[in-house]
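Visitor: The following block contains a protein sequence and its predicted model.
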Amino acid sequence: AEPAAFAAVDLGATSGRVIVGRVGRGGLDLTEVHRFPNTPLRLPTGLHWNLPALYQGVLDGLGEAARTGRIASVGIDTWAVDYGLLDADGALLGLPHHYRDERTRGLAEGVRDQVGARRMYEATGLQHLPFNTVFQLAAARGSAQLRTARTMLLIPDLLTYWLTGSVGAEITNASTTGLLDAATGTWSREMAAATGLDPGLLPPLTGPGTPAGALLPYVRAATGAAAGTPVVTVASHDTASAVAAVPATAASAAYISCGTWSLAGLELDAPVLSEESRAAGFTNERGIDGTVRYLRNIMGMWLVEECRRTWAAQGRPVTLAPLLTAAARAEPLAALIDPDAPDFLAPDDMPAAIAARCVHTGRRPPTEPGAVIRCVLDSLALAHRRVLRRAAELAGRDITRVHIVGGGSRNALLCQLTADATGLPVVAGPAEATAIGNVLVQARARGLVGGLPEMRQLVAATQQLRHYRPRGDSRGWTAAQHRLTAGTEHPLVQ
Ligand code: LRH
């Protein structure tokens with residue numbers, strides 16, 4: 001088939017982008033045509049996503065994409081778990097909540113204990129995170145909105161609906177709701193009933209690579225896209241798209257999709273639903289082609305971004321490069337935190353929250369920004385080590401190499417520290433793995449590329465990757481892990 005250009009819409013928790021990817025004749029070439037901020041809104045009803053602003057960003061980006069030439073199709077991926085509700089007329093009921101909104105705190109544990117933590121895990125394979133869709137819907141129980149709602153759409157599906165008029169639930173993202181059966185890959189009536197949810201709200205499931213529908217006339221008018229341009233369903237969960245683009249060649253490779261979150265784990269053919277796996281906090285999310293993303297959420301670059309936001313408000317310098325230089329010079333392993341402590345989910349002042357954690361565990365808190373960032377990056381590297389080692393044990397796999405993809409793969413210090421802590425070689429890149437996974441699933445739907453191994457080979461052959469070797473042995477990290485474990489009262493993954 002002739003080379004073709006695809007538009008990837010990729011929305012993250014802090015920014016959205018539209019990327020044009022050209023695929024064909026062994027080539028894969030990306031151009032970012034539009035980037036826009038994603039700024040949450042605080043309203044009397046809580047923390048929300050500004051969905052109309054995001055939609056406008058998508059339209060502007062598709063307009064830019066159309067100006068570069070003919071677009072074969074459009075694909076959409078975003079962060080997981082969040083959703084909008086439609087009424088019987090198809091109108092959106094209020095703005096979707098942000099997963100960091102507080103309304104599920106405490107409530108999620110109650111629902112989990114009532115349904116039974118083990119039963120929930122056996123049924124869905126999902127890591128308990130307080131913001132999983134099922135808990136957000138439980139928090140909305142009895143509300144006017146939920147009573148009026150006829151359809152629940154996850155964010156990428158909602159944008160697809162606005163662009164095409166068609167309604168569905170893409171399965172990689174549906175697997176993050178806590179309402180999808182891990183064994184059958186269908187909506188779990190049991191989990192819907194157990195949490196008091198009307199299963200009629202859940203739309204028909206769709207899969208990556210299937211056409212969703214053509215852009216509506218008003219979308220074509222707003223963007224200049226050609227008549228008949230289809231939206232193709234991709235792996236609409238951003239992490240599923242990112243992992244599809246990991247340039248790994250061996251089963252012994254682990255990955256870390258590193259952005260707002262660090263998602264560290266393995267690709268498996270079948271879920272691990274054991275009690276040990278549940279207790280260790282591992283999730284089984286669906287990838288393309290029947291793969292399972294066996295991983296754990298680690299708080300990720302959110303910690304760094306929130307430090308910068310706080311410092312900016314205090315009028316301090318926050319440019320990333322000098323902060324990282326200072327962090328590289330700061331004392332190694334001086335202060336450590338568990339990045340997954342619940343205090344870090346949505347604090348008002350991240351540096352203060354980090355300092356408080358250090359004091360709590362009997363360690364001197366870092367004061368200079370460089371030392372704070374070093375504390376965060378050391379702590380993330382140590383968490384990467386803990387999670388990958390435990391994933392390997394629980395899945396019965398050996399890990400010989402770690403791939404870091406996503407924006408965090410540009411952070412040389414984090415990549416090096418991860419190599420040091422794990423004692424494994426790290427391959428960093430591509431930074432735009434999510435958009436690449438999005439583009440490649442569209443290209444595959446056109447017959448321009450083959451299965452997952454071929455997709456990954458294409459990424460390895462065309463994208464610039466960086467290699468990091470572990471420095472020294474990892475004894476210092478082992479000791480650091482012991483110190484952290486000794487000072488932590490809530491259970492860490494060991
Ligand atoms: C990463 C991500 C992650 C989810 C979180 C809500 O962007 O999709 O996989 O757990 O956002």
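Guide: Done, it's in. Residues are numbered from 1 along each chain as shown.
Visitor: Contact partners for Asn173?
Guide: 80, 154, 156-157, 236-237, 240 (CB atoms under 8 Å, 6 or more residues apart in numbering). (C-beta placed from N, C-alpha, C; glycine too.)
Visitor: Specify the local secondary structure of it.
Guide: At Asn173 the chain is in helix, as set by DSSP: H, G, I helix; E, B strand; the rest coil.
Visitor: For it, give me the pLDDT.
Guide: Confidence at Asn173, expressed as pLDDT, is 98.
Visitor: What of Ala193?
Guide: Reported pLDDT for Ala193: 95.
Visitor: which residue packs closest to it, ignoring adjacent ones?
Guide: Ranked by CB to CB, 6 or more residues apart in numbering and with sequence neighbours excluded, the top spatial neighbour of Ala193 is Pro199, at 7.6 Å.
Visitor: cool, and Ala326?
Guide: Closest residue to Ala326 apart from its sequence neighbours, by CB to CB, 6+ apart: Gly370 at 2.6 Å.
Visitor: pLDDT (mean, whole number) over the helix or strand where the one you found lies?
Guide: In the assignment (DSSP states H and E), Gly370 maps to helix 369-395. What helix 369-395 shows for mean pLDDT is 98.
Visitor: Burial check on Leu86, number of neighbours?
Guide: Using other CB atoms under 10 Å, Leu86 is surrounded by 20 other residues.
Visitor: ok, it to the ligand distance?
Guide: Separation of Leu86 from the ligand (CB to the nearest ligand atom, to the nearest Å): 21 Å.
Visitor: was I right about that residue contacting Gln145?
Guide: No. Between Leu86 and Gln145 there is no contact under CB atoms under 8 Å: 10.6 Å.
Visitor: Can you pull the residues that touch both of those two?
Guide: Common contact partners of Leu86 and Gln145 (CB under 8 Å, 6+ apart): Leu93.
Visitor: pLDDT score for the closest residue to the ligand within the stretch 201-350 of the chain?
Guide: Closest residue of the stretch 201-350 of the chain to the ligand, CB to the nearest ligand atom: Thr239 (3.7 Å). pLDDT, Thr239: 98.
Visitor: go on, Thr488?
Guide: 63.
Visitor: Provide a list of residue ranges in the protein with pLDDT below threshold.
Guide: Scanning the chain for pLDDT under 70 picks out 488-494.
Visitor: which bits of it sit near the ligand?
Guide: Residues of the chain found near the ligand (CB under 6 Å from any ligand atom) are 12, 79-81, 99, 237-239, 259-261, 263, 297.
Visitor: Just the ones of those residues in strands?
Guide: Using DSSP state E, the subset of the residues of the chain next to the ligand located in strands is 263, 297.
Visitor: would you turn the residues of the chain next to the ligand into TSV with neighbour count?
Guide: Output for the residues of the chain next to the ligand, formatted as TSV (neighbours: other CB atoms under 10 Å):
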residue	neighbour count
Gly12	18
Trp79	24
Ala80	28
Val81	20
Tyr99	22
His237	30
Asp238	30
Thr239	31
Gly259	25
Thr260	21
Trp261	25
Leu263	25
Asn297	19
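Visitor: nearest to Ser274, of the residues of the chain next to the ligand?
Guide: Taking CB to CB as the measure, Ser274 sits nearest to Asn297 out of these, at 18.8 Å.
Visitor: Can you name the two of the contacts of Asn173 that sit furthest apart?
Guide: Greatest spatial distance in the contacts of Asn173: Asp157 and Ala240, 13.7 Å, computed using CB to CB.
Visitor: Of these two, give the one with the bigger neighbour count.
Guide: Neighbours per residue, other CB under 10 Å: of Asp157 and Ala240, the larger number sits with Ala240, 30 against 27.
Visitor: Apart from its chain neighbours, what residue comes closest to that one?
Guide: Distances taken as CB to CB, 6+ apart place Thr172 nearest to Ala240, at 3.7 Å, with adjacent residues excluded.
Visitor: list the contacts for that neighbour?
Guide: 208, 235-237, 240, 285-288.
Visitor: Then Gly90?
Guide: 151, 161.
Visitor: Strands of the stretch 101-250 of the chain, residue ranges please.
Guide: For the stretch 101-250 of the chain, strands defined by DSSP state E, counting those that start in this stretch occupy the ranges 151-154, 169-170, 205-206, 211-214, 230-232.
Visitor: now the ones you listed as TSV including mean neighbour count and distance to Arg466?
Guide: Formatted as TSV, those follow (neighbours: other CB atoms under 10 Å; distance: least, CB to CB, whole Å):
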stretch	mean neighbour count	distance to Arg466
strand 151-154	24	33
strand 169-170	25	32
strand 205-206	18	36
strand 211-214	20	36
strand 230-232	23	31
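Visitor: Now render the ones you listed as TSV, adding distance to Glu331.
Guide: Formatted as TSV, those follow (distance: least, CB to CB, whole Å):
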stretch	distance to Glu331
strand 151-154	44
strand 169-170	46
strand 205-206	51
strand 211-214	52
strand 230-232	50
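Visitor: Out of those, flag the one nearest Glu32.
Guide: strand 230-232 (19.6 Å).
Visitor: what comes into contact with the closest one?
Guide: By CB under 8 Å, 6+ apart, the residues outside strand 230-232 that reach it are 73-76, 160, 163-164, 209-215, 441-442, 445.
Visitor: Lovely, talk soon.
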